[in-house]
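1. Have a look at this fold, sequence not included:
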């Protein structure tokens, strides 16, 4: 699907506002909504996984080894839900 | 297989992506994402969404946060729209117009406004006709999309923009509609009420059952709204937990008419625990308003008792 | 939402059907309203050798058929009826009464006792069969021969499963063709 | 030319008429309980329509027969007088396996259109039928269907929109959605209702169009009137209509897609502009499809039908069954040497403004008949479209608006004759006085 933006002429927009590139919202960064930032302290993390499912913005990458990686700051809105559920203080809001 | 949330999350890519514009800390996205993770990775899905917070923040042209096919038409007709898609699938499959080996599942999402209220007729019709679909209500207890107006899912006494807690009328004076029981009385193969607590086990397992039980199934999922309820965003999971531990939001399922409470708190917490952190109930804690808390507690107890009774009756041999 | 008087179309369609089967252009339509059981029904037919384009009720009929003679006193059944045409009434009333009740109408009047014919031939009161024959006879929209041939055909088609009733229906038609009589 | 008017009244019979099973059980009358339609129905139920057949069907039976031959993937409909018979007949085709359709007996018209939208978006051919308040209840979804560019086909049996409640014919339902982005075809009789439906999908599904389409006919006047009709063989219809092959559809797991976004300031205008272009393109496609249809049937269709218009001095512009009554009246007037003519609109949306204007350019006076009152103190909707078309094309003929036939008020040949007399007066005096007139209302 060709790049569509506010300059695209009507002749080049998809009809009816259809989108043929499922999940393309990944290209829309929401990181700049953040006022406070979660810091991942890997040394304290026990990989219990409690934070994996709670992120509203899917900003906690989990690899095939079922281990989390550092935050995806392009997407994290800084809600702090993850920090709150962490039993080991491995996430600090700064 | 036994539920292992780490395994599920690691092996089943998210079908509800980042880049949506729901509020920071919104309770709905984790719910929707986990519901969709209950889909077999090889299965395709068509998602229908009623107009509401979720729809207007996940599909803003030209971006969609859904990796499956998705359709939104209007506020009150997610049930009928999804039914139409499912009817098309049935018809085209039977005529050999679709690949034999491919399975598509049909899931509709609606908020309490689009489900309890304006969309109730469409939902009831779709369920009664037995379309092979799951309707998931993410219940945040008010019309949050338009700015926190009361719905029939709004709990009693809650302060909303159309039931403001005033000097004469202390918030919403009517009690919550019990939609889960209403849907159970449609005599569907599977109806459940759940919430995203602990590691989402209850939510995942009920989603899986709902999606893979043939016929019309209904899920009612609590979806706390930090803005509408007035609690700090980071408290999301705590609020979920308190709703369940106080039995304000019991977790149960109704399988072919048999009720099963899937979580019974060892010690039922007093309702204050749930109400206290939320600004919408603040006025209930003013001196002289104790009666409101008592009344609220009475109602919660009565509904919990009714549920225990239903479980007992329907499981008698 | 409601479904009104759907069955009411039936009556006028008898004649239209017979005429259609003999190659005519036809229109058959009832005057609809929220009729319920027992309410009077008016239905219309147009029959022509040419395509029919007009789509309105009929205000100057060539023929009027009255199935229930109790209507004669409550409805002006001859309103607009052409004097070159005729009225056909299912009745046992005598000529005096009929001429009197239709005062002011100077066209032809035909009568037939559809009840008697129906009871004798079908064992039940179904006036449609004899009335149809009466209309055909009086209006001459088709020859009696064409008419009878078409009817036996459609009976055979529709009563394939109970041929025993075909004779009764054919007898009803034949009797009616004979018994319809002009009284004015 | 015309003969016959039986008045029937018989309590036994009427009681029978209301209960089919009971009737058929009763030997003698069983034959006759639905004589005209019964043969046709038997054929249809058996799926036996072959050969270009001389048949006699009501307008509703004709529409249901077209739907049966089109064999859509999904039909979702809700009963409402006078269109109820269409889903009724159709569901018997479903029950008897003569179609492959999934029939969704929805709980409201709003859901009927919602389900059609879902089905069409999924990649299916979806059809429905409704009238009056049913269309009113659909209104929200009517706009959504066209803006999502879904070629749904509807059979609209025109009936007055409440209130007060009235079950009879006028065009207020269709006029209420004239700006909704649906193609609107009008039908004089059962034949045209049938033919328009057979052509509908070829028009609506065309890549340059992709708009929903409604085929209108007059409630009761044609929907419940049994008339002669020429049906097309099943095979020919199947071949003519062809298979629906959408480029993008929800059920294509190889290309998951999203339909129905929040479409904000930066985009909605452009998407509406696309709809406008599609409606323009529809004009070309409608004529192309009509050509192919003529090849198959010999029946000719355009944007409108001209009846004795060529040498006419005065003319009526109208739609649906009134056009037939007008033709009948014209023939009578012509015998008297009055040069009356008719322009019958078939394609109301898109509106063929330029073509209509040109066709009317040589007249001395025109009356535009609207079977719906726009209640705007400025004439009916069709009138406005016709006169603006003439004005823009620099054609100036004295033109008056008549609102008529509201709520099933019967429109007699005499009424039409009165309109022509009025027009002659205008021609004579050159004086219109009130251009916004009513026909058949009690003064």
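-> Thanks, I have the structure now. The model shown is predicted, which means the values in this text are computed figures rather than measured ones.
2. switch to C-alpha atoms for all contacts and neighbour counts from now on
-> OK.
3. list the helices and strands the helix or strand of chain C with the lowest mean pLDDT packs on?
-> Within chain C, confidence by mean pLDDT, DSSP states H and E is lowest for helix C:10-21 among all helices and strands, at a mean of 78. Applying 3 or more CA pairs under 8 Å, 6 or more residues apart in numbering or on different chains; DSSP states H and E, one finds that helix C:10-21 contacts strand C:25-30, strand C:41-48, helix C:128-139, helix C:144-158, strand D:5-8, helix D:35-45.
4. the helices in chain A, which residues?
-> Counting by DSSP state H, residue ranges of the helices within chain A are A:81-85.
5. Show me the shaky parts of chain B.
-> Applying pLDDT under 70 to chain B flags the ranges B:1.
6. longest strand of it?
-> strand B:104-111 (DSSP state E).
7. Adjacent strands (with direction) for it?
-> strand B:44-49 (parallel), strand B:134-139 (parallel) (DSSP bridges).
8. Who are the contact partners of the residue in chain A positioned nearest to chain C?
-> Nearest residue of chain A to chain C: residue A:16, at 32.6 Å (CA to the nearest CA). Contact partners of residue A:16, counting by CA atoms under 8 Å, 6 or more residues apart in numbering or on different chains, are D:147-149, D:259-260, D:271.
9. could those be laid out in TSV, adding pLDDT?
-> Formatted as TSV, the contacts of residue A:16 follow (pLDDT from 0 to 100):
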residue	pLDDT
D:147	98
D:148	98
D:149	98
D:259	98
D:260	98
D:271	98
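10. How much space separates residue C:106 from residue D:280?
-> 61 Å (CA to CA, to the nearest Å).
11. meant to ask about residue D:53
-> 35 Å.
12. So for those two, which sits in the more crowded spot?
-> Ranked by neighbour count (other CA atoms under 10 Å in any protein chain shown), residue D:53 and residue D:280 place residue D:280 first, with 17 against 12.
13. Grab the nearest non-local neighbour of the more buried one.
-> residue D:350 (6.8 Å; CA to CA, 6 or more residues apart in numbering or on different chains).
14. residues touching residue B:187, list them.
-> Taking CA under 8 Å, 6+ apart, we find residue B:187 in contact with B:256-257.
15. which residues sit in contact with the residue with the largest distance to the centre of chain A?
-> Distance to the chain centre peaks in chain A at residue A:11, reaching 33.3 Å (criterion: CA atoms, centre = their mean). For residue A:11, the contact set (CA under 8 Å, 6+ apart) comprises residue D:274.
16. Between its first and last residues, how far does stretch B:94-107 reach?
-> Taking CA to CA, stretch B:94-107 runs 21 Å from one end to the other.
17. Same question for stretch D:173-186.
-> First residue to last in stretch D:173-186 (CA to CA) measures 13 Å.
18. how about the one residue in the stretch 201-350 of chain D that gets nearest to chain C, secondary structure?
-> For the stretch 201-350 of chain D, the residue closest to chain C is residue D:325, as judged by CA to the nearest CA, at 3.9 Å. Per DSSP: H, G, I helix; E, B strand; the rest coil, the secondary structure class of residue D:325 is helix.
19. Can you get me a residue count around the nearest residue to it once chain neighbours are set aside?
-> Nearest non-adjacent residue to residue D:325, counting by CA to CA, 6+ apart: residue C:54, 3.9 Å away. Using other CA under 10 Å, residue C:54 is surrounded by 22 other residues.
20. likewise residue B:301?
-> For residue B:301, the neighbour count with other CA under 10 Å is 18.
21. for residue B:214, helix, strand, or coil?
-> Quick answer, by three-state DSSP: residue B:214 is coil.
22. picking up where we left off before, please determine how far the residue nearest to residue D:325 is located from residue C:47.
-> According to CA to CA, residue C:54 and residue C:47 sit 12 Å apart.
23. Next one: the residue in the stretch 101-250 of chain D that chain A sits nearest to relative to chain B, how far apart?
-> Residue nearest to chain A within the stretch 101-250 of chain D (CA to the nearest CA): residue D:148, separated by 4.4 Å. Counting by CA to the nearest CA, to the nearest Å, the gap from residue D:148 to chain B is 9 Å.
24. Then residue C:117?
-> Going from residue C:117 to chain B by CA to the nearest CA gives 51 Å.
25. hang on, the earlier thing: pretty sure the residue nearest to residue D:325 contacts residue D:330?
-> No. Residue C:54 lies out of contact with residue D:330 (CA atoms under 8 Å); the separation is 10.8 Å.
26. where does chain A dip in pLDDT?
-> A:1-2.
27. cool, chain D as well?
-> Those would be D:1-51, if you go by pLDDT under 70 across chain D.
28. Close to chain B: what parts of it are there?
-> D:73-74, D:76, D:100-102, D:104, D:106-107, D:110-112, D:114-124, D:141, D:144, D:250-251, D:253, D:256-264, D:267 (CA under 8 Å from any CA of the partner chain).
29. Quick one, which of the residues you listed are buried?
-> D:73-74, D:76, D:100-102, D:104, D:106-107, D:110-112, D:114-124, D:141, D:144, D:250-251, D:253, D:256-263, D:267 (16 or more other CA atoms under 10 Å in any protein chain shown).
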